[in-house]
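A.B. asks: Got a predicted structure plus its sequence, pasted below:
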Amino acid sequence: MVFSKKWPMQKQMLNKKNIALVAHDNKKSELIQWVKKHKKSLLRHNLLATGTTGEVIEKELELKIKKFKSGPLGGDQQIGASIVNGKIDLLIFFWDPLASQPHDPDVKAVLRVAALWDTVIACNKSTADFVIKSFYINKPYHRHLESIKDYSKKRKLGYQNAQ
């Protein structure tokens, strides 16, 4: 992702996306099956994952993945920071809505940051299927970040401080 020269509050996703793959324990097998089904499409992009999810996908599907820490050990926060720093374009996060997680506040924070930075989020197989088949998956796409600009302006932070 690059910042547009035309307007610094517009981020452009490139043809090759940075896709983060995350799954809670009860959803890992579902994510692995989804990745297996869409492996050919995913190979066109840079793949990132939280530690355990990344290890399992690498082992089972022989894909190269940049791994962060395991979610409960700070990996979810690393994903969030990468979103804020423009290093993740798309978040495929199969989270388990029926199980309490010890790091629930981190999960909520990642989803909040992704929504704030207008990051594409898929939290289940159906949404992930729609996203991976989207016209924009292999095309540039401009994200508008008006809410961040407005927030920064109100607090006189300037955009650079909001990155």
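C.D. replies: Alright, I've got the coordinates. Residues are numbered from 1 along each chain as shown.
A.B. asks: and the residue in the chain sticking out farthest from the centre, what pLDDT?
C.D. replies: Centroid-distance maximum for the chain: Lys156 at 28.4 Å, with CA atoms, centre = their mean. Among the per-residue scores, Lys156 shows a pLDDT of 70.
A.B. asks: likewise Ala162?
C.D. replies: Looking at Ala162, the pLDDT reads 46.
A.B. asks: now Arg143
C.D. replies: 87.
A.B. asks: before we move on, what about Met1?
C.D. replies: At Met1, pLDDT is 47.
A.B. asks: list the buried ones in whichever strand or helix holds Gln78?
C.D. replies: Following DSSP states H and E, one finds Gln78 within helix 75-84. Neighbour-count burial for helix 75-84, counted by 16 or more other CB atoms under 10 Å, picks out Gly75, Asp76, Gln77, Gln78, Ile79, Gly80, Ser82, Ile83, Val84. For the C-beta atoms, the positions are set from N, CA and C on the backbone; glycine is no exception.
A.B. asks: Pull out the CA atoms of it and give them to me as PDB.
C.D. replies: What follows is helix 75-84, C-alpha atoms only, in PDB (Å, rounded to 0.1, in the frame of the first residue of the first chain):
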ATOM      1  CA  GLY A  75       0.400 -11.300  17.500                       C
ATOM      2  CA  ASP A  76      -3.100  -9.700  17.300                       C
ATOM      3  CA  GLN A  77      -1.500  -6.400  18.400                       C
ATOM      4  CA  GLN A  78       1.300  -6.800  15.800                       C
ATOM      5  CA  ILE A  79      -1.400  -7.300  13.100                       C
ATOM      6  CA  GLY A  80      -3.100  -4.100  14.300                       C
ATOM      7  CA  ALA A  81       0.100  -2.100  14.300                       C
ATOM      8  CA  SER A  82       0.800  -3.400  10.700                       C
ATOM      9  CA  ILE A  83      -2.700  -2.200   9.600                       C
ATOM     10  CA  VAL A  84      -2.000   1.300  11.100                       C
END
